[in-house]
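**Student:** Need a 3D model of the sequence below.
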Amino acid sequence: MPLIRYIEHDGTEHEQEVPVGWSLMEGASKNGIPGILGDCGGSCACGTCHIYADESWLERLPEVDEGQDMMLEYAVDRRPNSRLACQITVTADMDGFVARTPVRQHTE
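**Tutor:** As a prediction, the model looks like this:
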């Protein structure tokens, strides 16, 4: 299983093995990692799983589609590397992926 690094806005790090096929949001929520809410359960309908993907990984991620882009419009402090964790499926080659959480999600 790939080891994913979730880093909270204050620098607190959580390393978690996440099964291939799960989303980054599932990896966080099923393992009690704070900062990624996923209120809609991963259907790209709320934007509460906003993360900042480490810039070294951006080229390896799928492009942001229209639905994700629309949800990211509600994100607090959206950046070029903003993504929704529910829309990133963990693959075998994602070992070491770094996801940083924003100071708050838009519903907090």
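**Student:** Isn't I7 up against E15?
**Tutor:** No - assessed by CB atoms under 8 Å, I7 is found out of contact with E15, at 9.8 Å. Placement of C-beta: from N, CA and C, glycine included.
**Student:** ok, the two, which is more surrounded?
**Tutor:** Legend: neighbour count by other CB atoms under 10 Å for I7 and E15, higher for I7 (18 against 11).
**Student:** Contacts only, for that one.
**Tutor:** Contact analysis of I7 by CB atoms under 8 Å, 6 or more residues apart in numbering lists 13-14, 98-101.
**Student:** Those into JSON lines, with extra columns for pLDDT and distance to E63?
**Tutor:** JSON lines is the format used below for the contacts of I7 (pLDDT from 0 to 100; distance: CB to CB, whole Å):
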{"residue": "E13", "pLDDT": "98", "distance to E63": "28"}
{"residue": "H14", "pLDDT": "98", "distance to E63": "27"}
{"residue": "V98", "pLDDT": "98", "distance to E63": "19"}
{"residue": "A99", "pLDDT": "98", "distance to E63": "18"}
{"residue": "R100", "pLDDT": "98", "distance to E63": "20"}
{"residue": "T101", "pLDDT": "96", "distance to E63": "22"}
